[in-house]
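Asker: A predicted structure for the sequence below; I have some questions about it.
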Amino acid sequence: MRRRKKYDFQSIILMIVLPSSQRVHTLREIEGERETERERGEVTTHTSLMSSICKLCRFTVMSVLPSVGSYCNRTWDGWLCWGDSSPGTVMQMCPEYFADFDPAEKVTKVCNPGGQWFHHPESNRVWTNYTQCQAHTKDKLKIAISLYYLAMVGHGLSIVSLIICLIIFSYFKSLSCQRISLHKNMFLSFILNSIITIIWLSLTAGNNQAINATNPVICKVLAVLNQYTSTSNYFWMLCEGIYLHTLIIVAVFVGEQQLFWYYVLGWGFPIVPAITYAVARGLFFNDKCWISSNTHLLYITHGPIQAALLVNFFFLLNIVRVLITKLKDTHCAESTAYMKAVRATLILIPLLGVQYILFPSRPEGHISRAIYDFFVNVVSHFQGLLVAVIFCFCNAEVR
């Protein structure tokens, strides 16, 4: 079962950044039984799984046959069940009950025009193409391990750099103002997210599978906290945008801003999608440690994040429009300073939102997918470091 754990390891890494390749689970009953046994800490052998699938396949074979057209008969090939098929190539995802199979790859079976399953020319027997199931497993495992260490390094550097920024902002009283208070809260949200991510990865992707078997609640709580802190990151970024928009666009109508509502939005609101996600996940997709990203339930948290990014983007575009107009008319130093602050936040939106903006267009090729995953992982796991550099180390006020 050691190799099976390695595939769980890979799915965890991709889970943090973007949904993994869609899987077609044709036998939901078997998957449900397998997840229930996992939760009990039991090991299900591939022999018993194949036996159960074979029983389901026999039940399917006894159901009503199509009455028209040329088709290949439903069959059990020894590993997977295939339904009645029209001429052409049919596909399923590779079975998960073999340790050296990659369940993200596809199995193919050809139905000839005459209604006969394809026979291999060498053996002259009905043949199913399982070659892709093992074609790239070693390469994917190497990539997954690399992404794991990349995540650890990225979050470690993020924590150190953000703590330094908090010390700088707290030590120098001349930097004390409402905008810096928002910066400090945003830094804290990124620190918490990095700490929780490191703990979660250490428990679920390392050699601590026994901990997950005996304490499944712990890793699920960490998964929810990871979703909460990640959502909080983007809502604190939205707070930055709202603050600048209020300060520059409607400052004439308001006095000093009340930061209480920013705390509610940055720390309080993300609790709602996080709790909703936890309840929905427990009811509808209660897999082991809530690692799998093969569920639309992730949109419960990803949806608000995408909305926050979009709203923030339009806020900042409006601010840029107003500041450019002011600079043309007055060339005042205050407008120039505001423009620098807006530019910093505007740069972060595409950088921090790349995994939520680009994940639907993830390429299919193995090399292009590996490059894409590496790029998205770098941006995702080094987010805290990027925030520290842009808002603190490159801040003219700090220097």
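Answerer: Nice, thanks for sending it over.
Asker: use CA for all of it now, contacts and neighbours both
Answerer: Noted.
Asker: Could I get the phi/psi values of Pro121?
Answerer: Recorded main-chain torsions at Pro121 are phi -60, psi -30, according to degrees, to the nearest 10.
Asker: what's the answer for Asp77, then?
Answerer: Asp77 adopts backbone torsions of phi -90, psi 10, taken as degrees, to the nearest 10.
Asker: Hmm, Thr128 and it touching each other?
Answerer: Yes: proximity of Asp77 to Thr128 meets the contact threshold set by C-alpha atoms under 8 Å, at 7.4 Å.
Asker: more crowded one of those two?
Answerer: Thr128 (19 against 12; other C-alpha atoms under 10 Å).
Asker: Tell me where the model's unsure across the stretch 151-300 of the chain.
Answerer: For the stretch 151-300 of the chain, residues meeting the criterion pLDDT under 70 lie at 206-215, 251-256.
Asker: One more pass at 50, please.
Answerer: Low-confidence segments of the stretch 151-300 of the chain, defined by pLDDT under 50, are located at 210.
Asker: mind listing the helices for it?
Answerer: With DSSP state H, counting those that start in this stretch, the ranges of helices along the stretch 151-300 of the chain come out as 178-204, 209-214, 216-249, 260-263, 271-284, 299-329.
Asker: and what of the stretch 1-150 of the chain?
Answerer: According to DSSP H, counting those that start in this stretch, the stretch 1-150 of the chain carries its helices in the segments 2-17, 28-39, 46-61, 137-171.
Asker: What average pLDDT does the shortest one get?
Answerer: If you average the pLDDT over helix 28-39, you get 39.
Asker: Tell me how many other residues surround Asn318.
Answerer: Should you count by other C-alpha under 10 Å, Asn318 turns out to have 13 residues around it.
Asker: cool, and Cys72?
Answerer: Cys72: 21 surrounding residues under other C-alpha under 10 Å.
Asker: cool, the one 3 residues further on as well?
Answerer: With neighbours defined by other C-alpha under 10 Å, the count for Thr75 comes to 16.
Asker: Quick check: beta-bridge partners of it?
Answerer: On the basis of DSSP bridges, Thr75 is bridged to Trp82.
Asker: That one touches Cys81, doesn't it?
Answerer: Yes: contact criterion C-alpha under 8 Å: Thr75 and Cys81 qualify, at 6.0 Å.
Asker: Tell me the backbone dihedrals of Gln116, please.
Answerer: Here the main-chain torsion angles of Gln116 (degrees, to the nearest 10) amount to phi -120, psi 140.
Asker: From Asp139, how far out is Arg369?
Answerer: When distance is defined by C-alpha to C-alpha, to the nearest Å, Arg369 is 12 Å away from Asp139.
Asker: nearest residue to Leu157 other than its sequence neighbours?
Answerer: The shortest distance from Leu157 to any residue other than its chain neighbours is 6.4 Å, reached at Leu385 (C-alpha to C-alpha, 6 or more residues apart in numbering).
Asker: and the one you found, what helix or strand is that in?
Answerer: In this structure, Leu385 is located in helix 383-388 according to DSSP states H and E.
Asker: and that helix, which residues are buried?
Answerer: 383-388 (16 or more other C-alpha atoms under 10 Å).
Asker: what residues are up against Phe190?
Answerer: Under the criterion of C-alpha atoms under 8 Å, 6 or more residues apart in numbering, the neighbours of Phe190 are 158-159, 229-230, 233, 383-384.
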